[in-house]
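Engineer: sequence first, predicted model second:
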Amino acid sequence: MSTAGDASAFLSITGDDQYVTDDSGDGTLTIDLGGPGDSGFNQEAVTTLDGVVTITNNAADDSSATVGVSTEGVDTASAGGSASLLVEDGDNNAVAYVTFYVGPTGENSVGDGATQTIDVGNSAELDVEIDTRDQTLTDNSDAPTSGLTIVAEES
């Protein structure tokens, strides 16, 4: 088995450089939903972001890949069209319910995410919905608070 950096891997995963960056040096993406310039998002509102992560199939053998998201651990994750996390502040107060949706590149998939089968040279994107309404936070208080996993399977 061999590995490669994201740029030459079978699948490359890139952030939009506004909300998602690759500044760790180890290929791990950092998702910062503090808002542009850390201005935050409106309270009691729903905000959507398109294409914060792009997943591209770079396979050399013309194989397709089915991609999805999960909040399960890497070893147990199964691909789904959407995954949600509860975001907390430094005092463990729920501040946002964030849902990541998988969809075709260039199309907003919020509310309609589905696993995507991508052929060589094609991509899928993650769109995001940030819900800061108090009722949503209360209704989803048992949601996971960390651990978004992008799942890919050869298809």
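Structural biologist: Looks like it came in fine. Numbers count the residues shown, from 1 in each chain.
Engineer: after the worst-scoring helix or strand of the chain on mean pLDDT, next one along is what?
Structural biologist: Lowest on mean pLDDT, DSSP states H and E among the helices and strands of the chain sits strand 30-31, with a mean of 83. With elements assigned by DSSP states H and E, the helix or strand that comes after strand 30-31 is strand 46-57.
Engineer: residues making contact with that next one?
Structural biologist: With contacts defined as Cβ atoms under 8 Å, 6 or more residues apart in numbering, strand 46-57 is touched by 10-16, 18-20, 29, 31, 41, 64-65, 67, 105-106, 108, 110, 118-133, 150, 152. The way it works is simple: take the backbone N, C-alpha and C, and place the C-beta from them, glycine included.
Engineer: which parts of the protein are strands?
Structural biologist: Ranges of strands within the chain are 11-15, 20-21, 30-31, 46-57, 65-70, 82-88, 94-104, 116-118, 123-131, 149-154, based on DSSP state E.
Engineer: buried ones in the longest one?
Structural biologist: This points to strand 46-57. Within strand 46-57, the residues that qualify as buried are 49-57, counting by 16 or more other Cβ atoms under 10 Å.
Engineer: in its sheet, what does that strand sit against?
Structural biologist: Neighbouring strands of strand 46-57 in its sheet, by DSSP bridges, are strand 11-15 (antiparallel), strand 123-131 (antiparallel).
Engineer: again, but for the second one
Structural biologist: Strands that pair with strand 20-21, judged by DSSP bridges, come out as strand 30-31 (antiparallel).
Engineer: any residues touching the strand it pairs with, and which ones?
Structural biologist: With Cβ under 8 Å, 6+ apart as the test, strand 30-31 has contacts from 15, 19-24, 52, 148.
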